[in-house]
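[1] prediction below, plus the sequence it came from.
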Amino acid sequence: MQVFKAFYLILKKHMKPLFIYTGAYAFMLLLITQTAEDNMNSYFESTSLDISVIDRDRSQAAEALTEYLDSRHNLIEIEDTKKDIQDHIYYRYVKYILIIPEGFENNLMQGKTEDLLQHVQIPGSSQGRFLNNQIENYIKQVQIYLAGGQDTAAAMEAVQKTLADPLVETLYFGDKKESRNDTVFYFFQYLPYIYILLLVCGLAPILFALNKKEIQERTLCSSMNLMQKNVQILLGSVCYSILIYIVFAALGFLIIGKDMIRAETVYLLLNSAVFLIFAAAMTIFLCTLSPVNDSVLNFIANTVGLGMSFLCGVFVPQSLLSKPVLAAAKFLPAYWYIKNNNMLAGFSEEPFSRESFFTAVGIQALFAAAMFTGVLAVSKLKRQRR
């Protein structure tokens, strides 16, 4: 087991990244726990905004839409002039101005949806997106009743009843007295980035050192064959990956405490274990390609880690990412990791199901298998060139 011993002698000299990233992640988790504590029992709160409605259609449908918005928001009257509209948005007197153009009711009756309404909002405003979704939902409901054969008045009345504020009741899984601690899911949310950093910055230097040309030539001159050497390197890599997994699992139980003991934790641990296998496979694949120095390793780790994190929803929720970005993210394993985490946490529109969960886990495993296949292909190609 000479190679295995050499593996851990080299590891001792590269323990710095493990301590740094573990400490930084523990500190970040403590901040998340502290800031989330005040909001832990808050689930739903209806928000009223200061908005204006300019009705140019003066129809029954336009009046009903105005009444619907008035029941949920604070309507502020403004003049139908370009200057008044711009002033109210610029000085933040209102968050949103809805303009109901002429022909609104006729277009609604005919099922037309393009350019049905106009609006002016603060650029990039989340309140604007909220109101757009609310109005779009209202219009869809009206069109459903109109398509069912009801007249305008009956359709508007039915929609008002359908969209009336519901009685919201919080459901608990388990003991009703216990509050839901979402810090558990935030802990697992950021693990992909940390895993990639620790594997690339911690494991890769060891593999590069053991695969140097001089070391390989000396090994070939010894009684140890290449297969024995590779098995011992693989064993060392597995032990290093398990060490990281145990360290962060223990960190979760240490900081979060008894809230980690829940039914979802088993699924979360399995999900993170499979992604860790992918991170290890990717690291071995990078090392197989060509040796690089530590600065290049850090660059690769941060580029891959940050790029995958932003595209797949680690740092930015998947619900806020555009469809083209999500379509591209599906070709990355972190997307499926976050999808599982969101389903377990209840952050996703898709309800949790074992079939969906294990499908996403299987896709991550396929990414890992593809990386290991690449390792074998590159190794064989190198041997043939020699």
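    Looks like it arrived, so ask away.
[2] got the CA coordinates for stretch 1-14 in PDB?
    C-alpha atoms of stretch 1-14 as PDB (Å, rounded to 0.1, in the frame of the first residue of the first chain):
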ATOM      1  CA  MET A   1       0.000   0.000   0.000                       C
ATOM      2  CA  GLN A   2       2.900   2.400  -0.700                       C
ATOM      3  CA  VAL A   3       0.900   4.500  -3.100                       C
ATOM      4  CA  PHE A   4      -2.000   4.700  -0.700                       C
ATOM      5  CA  LYS A   5       0.400   5.900   2.000                       C
ATOM      6  CA  ALA A   6       2.000   8.400  -0.400                       C
ATOM      7  CA  PHE A   7      -1.500   9.700  -1.200                       C
ATOM      8  CA  TYR A   8      -2.200  10.700   2.400                       C
ATOM      9  CA  LEU A   9       1.300  12.100   2.900                       C
ATOM     10  CA  ILE A  10       0.600  14.500   0.000                       C
ATOM     11  CA  LEU A  11      -2.900  15.100   1.400                       C
ATOM     12  CA  LYS A  12      -1.500  16.400   4.600                       C
ATOM     13  CA  LYS A  13       0.200  19.200   2.700                       C
ATOM     14  CA  HIS A  14      -3.000  20.100   0.900                       C
END
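[3] which positions in it come out as buried?
    Residues 3-4, 6-7, 10-11, 14 are the ones in stretch 1-14 that count as buried (16 or more other CB atoms under 10 Å). C-betas here are computed from N, CA, C, even on glycine.
[4] how close does the residue sitting nearest the centre point of the chain get to Leu326?
    With distances taken as CA atoms, centre = their mean, Gly313 lies nearest the centre of the chain, 2.6 Å away. Separation of Gly313 from Leu326 (CB to CB, to the nearest Å): 8 Å.
[5] what touches both of these two?
    Tyr335 (CB atoms under 8 Å, 6 or more residues apart in numbering).
[6] confidence score at His88?
    Looking at His88, its pLDDT reads 91.
[7] SS state for Tyr93?
    Classification of Tyr93 using DSSP: H, G, I helix; E, B strand; the rest coil returns coil.
[8] once you drop chain neighbours, what's closest to the residue nearest to the centre of the chain?
    In space, and not counting its chain neighbours, Gly313 is closest to Ile338: 4.3 Å by CB to CB, 6 or more residues apart in numbering.
[9] OK, contacts around that neighbour?
    Residues near Ile338 by CB under 8 Å, 6+ apart: 189, 192, 312-314, 318.
[10] tell me the contacts of the residue nearest to the centre of the chain?
    Counting by CB under 8 Å, 6+ apart, Gly313 touches 321, 329, 334-335, 338-339, 342.
[11] torsion angles phi and psi at it?
    Per-residue torsions, Gly313: phi 100, psi 20 (degrees, to the nearest 10).
[12] any buried residues in the helix or strand hosting Lys140, and which?
    In this assignment (DSSP states H and E), Lys140 forms part of helix 126-147. Across helix 126-147, burial judged by 16+ other CB under 10 Å covers 127-128, 131-132, 135, 138-139, 141-143, 145-146.
[13] after that helix comes which helix or strand?
    helix 152-162.
[14] let me know the average pLDDT across that following helix.
    Averaging pLDDT along helix 152-162 gives 79.
[15] which helices and strands does it pack with?
    With contacts taken as 3 or more CB pairs under 8 Å, 6 or more residues apart in numbering; DSSP states H and E, helix 152-162 sits against helix 60-70, helix 126-147.
[16] among the ones you listed, which is nearest Ala263?
    Within the helices and strands packed on helix 152-162, the stretch nearest Ala263 is helix 126-147; the backing value is 32.2 Å (CB to CB).
[17] surely Ala365 touches Ala273?
    No. Contact criterion CB atoms under 8 Å: Ala365 and Ala273 do not qualify, at 10.3 Å.
[18] who has more neighbours out of those two?
    The residue with more neighbours, out of Ala365 and Ala273, is Ala365; 18 against 15, by other CB atoms under 10 Å.
[19] would you mind measuring from that one to Ala345?
    Relative to Ala345, Ala365 is positioned 22 Å away (CB to CB).
[20] and what of Pro317?
    Separation of Pro317 from Ala345 (CB to CB): 11 Å.
[21] do Cys312 as well
    Distance, Cys312 to Ala345, using CB to CB: 16 Å.
[22] so these two - more neighbours on which side?
    A count of neighbours by other CB under 10 Å puts Cys312 above the other of Cys312 and Ala345, at 26 against 18.
[23] which residue is the nearest non-sequential neighbour of that one?
    Ala334 (3.8 Å).
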